[in-house]
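**Student:** Have a look; sequence and predicted model below, questions after that.
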2 protein chains.
Amino acid sequence: MVATDLPTLGIIAGAGSLPRRIADRCAAQGRHFHLLLLDGHADPALHAGLTFQTVRLGAAGEMFERMREAGCREVVFAGKVERPSWRALRPDWRATKFIAEFAFRADKGDNALMAAIVATCEAEGFKVRAPAELLGESQMPPGPLGRLSPDGPQRDDIRLGITVARAIGRLDVGHAVVVQAGLVLGVEAAEGTDRLIERCGALRRDGVGPILIKLRKPQQEIRADPPTIGPATVACAAAAGFSGIAIEAGGTLVIDPEATVADADRAGLFLLAVEAPE
Amino acid sequence: MVATDLPTLGIIAGAGSLPRRIADRCAAQGRHFHLLLLDGHADPALHAGLTFQTVRLGAAGEMFERMREAGCREVVFAGKVERPSWRALRPDWRATKFIAEFAFRADKGDNALMAAIVATCEAEGFKVRAPAELLGESQMPPGPLGRLSPDGPQRDDIRLGITVARAIGRLDVGHAVVVQAGLVLGVEAAEGTDRLIERCGALRRDGVGPILIKLRKPQQEIRADPPTIGPATVACAAAAGFSGIAIEAGGTLVIDPEATVADADRAGLFLLAVEAPE
């Protein structure tokens, strides 16, 4: 099946860059998509240059209608959505029906809520896809992913990076840290990992190159924008003179793992999945 | 007295940017200085473009000789120096004599050591100056320093900034954090405060501008490079669209306080000294 045979994808977008990455991936595949930004949750600035409509979280009927008009047969929920108060939600008839049905379920946790949303969407005729599946992302088991491994001093730098990444993750600041020979060169906040890597390349000392350490935030929700690396991260790190990348086994997603590992091997970077204590 | 009448200053340089800042200040005043980098402690890259000699920490006789040759009558110890092992120190005759005398003192803490070094230097005919005095820096009492004060939401951002700055300070990563409307835009590591401000300017959201929060590291030694702001920081923050700067009362030094406050008032930035819990 060629990519353009894929059905139009409805992207219901919450906060963060995950919906944008899915839209970009669709564009790269030549797949049609229809982007619905949830008002007050999704950041329009992150979707600059794309066509989108904005809908209220409580306007379930409108969402289904818009997706049908756009010819969507598949849908993905991407990005974080803070649960609003009932008052702020102002549910339409369709959302009220959903809430009423959901209210009779025993287990009202987030997983049950997601399961109920999936069941409702499928009853309306849409197939619900997972973000990781659309992006071709994988969680990795612990150990080196490619040909190279860090040496002793690099492992010390990774340990330091884990400590700092956990501290900034716990404070919801960012996922990534760059360390070189015991010195923290940079800490990620709002700028994103690629720009962190670029500026740390400019701050690089002589000797063995810096290491990127990128972990899940300890409190990170499963539906939130998870930390990811991929071929673009490897290219960026190689260009900046890095010596390797450490990710969290079972926590940091790898986009297109085969290409990511092959690119790291070719660039002479180690790629290590670590088990990081919380 | 005009600036060039000041006697030549000997700068004995340990780690960090403090010795460089003192040298730059001398240059701005037209004051002659002689820069001695302590081998293995001072980073030559931080003194690029300046003339310097390198001496061993244990070579006290050579230090005095170099300073006399250069016509120094005043001297400043600037930047952090990790205490070496006796073996690594390899003290010359003059340093051995100092150690022997110092060894007979009851109190062998860092303050006693500094007092003994000062006494030895003055016995050799040099006046020892404090870095803060040479830089015209002041510690500030709590409260607004200029005309403007932060409002309620800005005070929330300052509180968030303090929490994050304390966490990264405790890990010895950096002094400064930038927050805007509840979002941590950037965290300082090796890049320095001015570059942090510049990149956060580029990440700035609409609305009330970001705030720089710059604190002492909780474990910071008195002789180590203390956190500072000054007119250059205010100019940088104003150019990047910031709304204010929060420093630590009694902890963050202000270079040329009168000019710093006047510049902040003119640029419409608040400048607040806060008492930050450790």
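**Tutor:** Thanks, I have it. Numbers count the residues shown, from 1 in each chain, chains lettered A, B, ... in the order given.

**Student:** all strands of the stretch 101-250 of chain A, in order?
**Tutor:** Along the stretch 101-250 of chain A, counting by DSSP state E, counting those that start in this stretch, strands occupy A:127-129, A:137-138, A:143-144, A:176-180, A:183-187, A:211-214, A:228-229, A:244-248.

**Student:** what's the most buried one of those?
**Tutor:** Highest mean neighbour count of these: strand A:176-180, a mean of 30 (counted as mean count of other CB atoms under 10 Å in any protein chain shown). (Each C-beta comes from the backbone N, C-alpha and C, glycine too.)

**Student:** hmm, back to that, and residue A:265, which of the strands of the stretch 101-250 of chain A is closest to it?
**Tutor:** strand A:143-144 (10.4 Å; CB to CB).

**Student:** contact partners of that closest one?
**Tutor:** Contact partners of strand A:143-144, identified using CB atoms under 8 Å, 6 or more residues apart in numbering or on different chains, comprise A:249, A:270, A:271, A:272, A:273.

**Student:** TSV please, covering these and showing neighbour count.
**Tutor:** Converted to TSV, these look like this (neighbours: other CB atoms under 10 Å in any protein chain shown):
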residue	neighbour count
A:249	17
A:270	22
A:271	28
A:272	24
A:273	21
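
**Student:** near chain B, which residues of the stretch 1-150 of chain A?
**Tutor:** Contact residues (CB under 8 Å from any CB of the partner chain) of the stretch 1-150 of chain A with chain B: residue A:45.

**Student:** of all of the stretch 1-150 of chain A, which residue lies closest to chain B?
**Tutor:** The nearest approach of the stretch 1-150 of chain A to chain B comes at residue A:45, 7.9 Å away (CB to the nearest CB).

**Student:** dump the residue contacts of that residue.
**Tutor:** Neighbour list for residue A:45: residue B:205 [criterion: CB under 8 Å, 6+ apart].

**Student:** what about it, is that helix, strand or coil?
**Tutor:** In terms of secondary structure, residue A:45 is helix; the call rests on DSSP: H, G, I helix; E, B strand; the rest coil.

**Student:** cool, and residue A:24?
**Tutor:** Three-state assignment for residue A:24 (three-state DSSP): helix.

**Student:** in whichever strand or helix holds residue A:68, what counts as buried?
**Tutor:** Using DSSP states H and E, residue A:68 maps to helix A:60-69. For helix A:60-69, the neighbour count (16 or more other CB atoms under 10 Å in any protein chain shown) marks A:60, A:61, A:62, A:63, A:64, A:66, A:67 as buried.

**Student:** and which of the residues you listed is nearest to residue B:97?
**Tutor:** Relative to residue B:97, the closest of these is residue A:63; by CB to CB it sits at 83.3 Å.

**Student:** which residues does the spatially closest residue to the closest one that is not a sequence neighbour form a beta bridge with?
**Tutor:** Closest residue to residue A:63 apart from its sequence neighbours, by CB to CB, 6 or more residues apart in numbering or on different chains: residue A:55 at 5.4 Å. Taking DSSP bridges, one obtains residue A:38 as the residues bridged to residue A:55.

**Student:** so who does residue A:55 touch?
**Tutor:** By CB under 8 Å, 6+ apart, the neighbours of residue A:55 are A:36, A:37, A:38, A:39, A:62, A:63, A:66.

**Student:** now with 10 Å?
**Tutor:** Residue A:55 is in contact with A:12, A:13, A:36, A:37, A:38, A:39, A:42, A:61, A:62, A:63, A:65, A:66, counting by CB atoms under 10 Å, 6 or more residues apart in numbering or on different chains.

**Student:** And for the second one, the neighbour number?
**Tutor:** Spelled out, it's residue A:13. 29 (other CB atoms under 10 Å in any protein chain shown).

**Student:** got a list of what it touches?
**Tutor:** Contacts for residue A:13 (CB under 10 Å, 6+ apart) come out as A:19-20, A:22-23, A:35-38, A:41-44, A:46-47, A:50, A:52, A:54-55, A:76-79, A:81.
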